[in-house]
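**Q** 3D, please:
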Amino acid sequence: MAFIQMACGQLSRAEALACSGCRHACHVMLYSDTESQLFGKIPIRHIILMQMRFDGLLGFPGGLVNPSEETLEAGLSRELLEELGVALPISIEDHVDSCHAPASSPSSPSRLITHFYVKKMEEEQIKEVERAAASTAPDHGQEVLGMVRVPLYTRKGGGGLAPFLSHSFIGNARSQLVDSLLRFNLVAPEELHRALTHSLKIHSHTAEDLKASLALTDARRKQF
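**A** Residues are numbered from 1 along each chain as shown. Purely as a prediction, here's the structure:
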């Protein structure tokens with residue numbers, strides 16, 4: 001299967017760790033299979049966890065690590081304990097890819113390397129992570145505003161995956177999600193293509209809606 005080429009410079013794990021002067025960040029996609037159904041008729045199929053960050057962007061759990069003081073996996077586990085409230089063992093086998101994060105501008109190359117992991121869990125384990133994230137995680141309500149599940153289904157009106165993909169994501173998190181959906185056969189390629197196509201239309205409509213809201217605030221400002 002041909003996987004998506006991320007919008008970043010791909011690196012092997014060894015190349016990434018050998019990068020002098022680079023910072024490193026590790027994130028993980030936690031998921032499980034499920035037999036549950038939405039409204040008792042729409043198969044949910046898989047539970048995938050993401051989070052609403054403090055900056056209003058969607059992303060995966062994780063954060064900055066220091067390979068000179070800890071392994072990538074140990075650093076990621078430490079970050080997960082802070083953000084999710086549970087200690088989850090992450091192994092090298094869970095590692096999917098490493099790459100340079102998107103640069104802030106063409107003239108300013110990124111010195112941040114992101115390491116992405118995918119870990120499959122049992123459904124009850126995923127639910128326990130959700131409970132702990134909202135009740136015992138030190139970062140809840142601060143760096144992490146809440147955990148969210150990715151809706152992998154598509155309803156008749158187009159609701160579900162397409163609107164979710166139209167939201168704003170941090171860095172290359174959206175590409176990581178899309179690549180993982182294909183890599184682990186969580187969504188059929190044709191179904192994902194339709195969702196992305198519809199997501200573009202939603203994004204265009206959202207832009208027009210934002211312009212209308214901006215015009216409204218401009219009119220209100222002129223009254224004062």
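**Q** element containing residue 177?
**A** helix 173-183 (DSSP states H and E).
**Q** give me the pLDDT for the spatially closest residue to residue 59 that is not a sequence neighbour.
**A** Leaving aside its chain neighbours, residue 59 sits nearest to residue 170 (4.1 Å; criterion: Cβ to Cβ, 6 or more residues apart in numbering). In this view, the C-beta of every residue, glycine as well, is placed from N, C-alpha and C. Turning to residue 170, the model gives it a pLDDT of 95.
**Q** what's the following helix or strand after the longest strand seen in the chain?
**A** Once the chain is assigned using DSSP state E, the strand that runs over the most residues is strand 23-33. Where DSSP H and E defines the elements, the next helix or strand beyond strand 23-33 is strand 37-38.
**Q** contact partners of the helix or strand just after that following strand?
**A** Per DSSP H and E, the first helix or strand lying C-terminal to strand 37-38 is strand 42-43. Applying Cβ atoms under 8 Å, 6 or more residues apart in numbering, the contact partners of strand 42-43 are 37, 153, 155.
**Q** tell me where this structure has strands.
**A** Counting by DSSP E, the strands of the chain are 10-11, 23-33, 37-38, 42-43, 46-53, 58-59, 62-65, 95-100, 112-120, 144-149.
**Q** parallel or antiparallel, which strands does the first one pair with?
**A** Yep, that's strand 10-11 we're talking about. strand 95-100 (antiparallel) (DSSP bridges).
**Q** coming back round to it: the helix holding residue 177 packs against which elements?
**A** strand 23-33, strand 46-53, strand 58-59, strand 95-100, strand 112-120, helix 161-165, helix 189-221 (3 or more Cβ pairs under 8 Å, 6 or more residues apart in numbering; DSSP states H and E).
**Q** a markdown table please, covering these and showing mean pLDDT, mean neighbour count and distance to residue 148.
**A** A markdown table is the format used below for those (pLDDT from 0 to 100; neighbours: other Cβ atoms under 10 Å; distance: least, Cβ to Cβ, whole Å):
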| stretch | mean pLDDT | mean neighbour count | distance to residue 148 |
| --- | --- | --- | --- |
| strand 23-33 | 97 | 21 | 12 |
| strand 46-53 | 98 | 20 | 5 |
| strand 58-59 | 98 | 20 | 7 |
| strand 95-100 | 94 | 20 | 21 |
| strand 112-120 | 96 | 21 | 17 |
| helix 161-165 | 97 | 22 | 9 |
| helix 189-221 | 87 | 12 | 16 |
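**Q** cool, thanks, signing off.
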